[in-house]
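In: here's a sequence, model it:
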Amino acid sequence: MDAMRLMVWLPYVTSGLFILLALPLAMRLVGPDRFYGVRTEKTLQNLEVWYAANTAGGSAMVVCAVLSIIIVFLLHTFWGTNTDLKVIIPVFVPVAMVFVSVAIGLRHAS
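Out: Presented below is the predicted three-dimensional model:
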């Protein structure tokens, strides 16, 4: 696979992985642990806070990943694949969306 094809598909794959990782949190399928989810002292000590924070963060992550897919699709559709901006934005958007999702989850933890 050439580099341009990889740059076209990578944002979709990345966003899809974020959705797969976020769905169990949004659906309250993940209990408190030290490896997966929003892990703070408050979330690890209180089950209600854990589920509130991780449901909010997981839901926000799903929404952000879907928005990322839409944004990348619109960029590919209207700007083509030959601009420098198309290389930067598809990588930046999914990562930025994850930070927003985690911030939302942390806000619900406090």
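In: skipping its backbone neighbours, what lies nearest residue 93 in space?
Out: In this structure, residue 93 finds its nearest non-sequential neighbour in residue 68, 4.7 Å apart by CB to CB, 6 or more residues apart in numbering. C-betas here are computed from N, CA, C, even on glycine.
In: which stretches of the protein form strands?
Out: Counting by DSSP state E, the chain has no strands at all.
In: just for it, where's the confidence low?
Out: Confidence mapping of the chain against pLDDT under 70 gives the ranges 1, 3-4, 6-7, 80-91, 94, 108-110.
In: quick one: the helices in it?
Out: Under the criterion DSSP state H, the chain carries helices at the ranges 3-26, 41-45, 47-79, 84-109.
In: just say which of the ones you listed is most tucked in.
Out: helix 47-79 (a mean of 18; mean count of other CB atoms under 10 Å).
In: relative to helix 3-26, how tilted is it?
Out: Between the axes of helix 47-79 and helix 3-26, defined by axes from the mean of the first three to the mean of the last three CA atoms, to 10 degrees, the angle is 160 degrees.
In: can you put the helices of the chain in JSON lines and add distance to residue 34?
Out: Below are the helices of the chain laid out as JSON lines (distance: least, CB to CB, whole Å):
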{"stretch": "helix 3-26", "distance to residue 34": "15"}
{"stretch": "helix 41-45", "distance to residue 34": "7"}
{"stretch": "helix 47-79", "distance to residue 34": "12"}
{"stretch": "helix 84-109", "distance to residue 34": "15"}
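In: who's in contact with the residue nearest to residue 93?
Out: Taking CB atoms under 8 Å, 6 or more residues apart in numbering as the contact definition, residue 68 lies against 11, 15, 18, 93, 94, 97.
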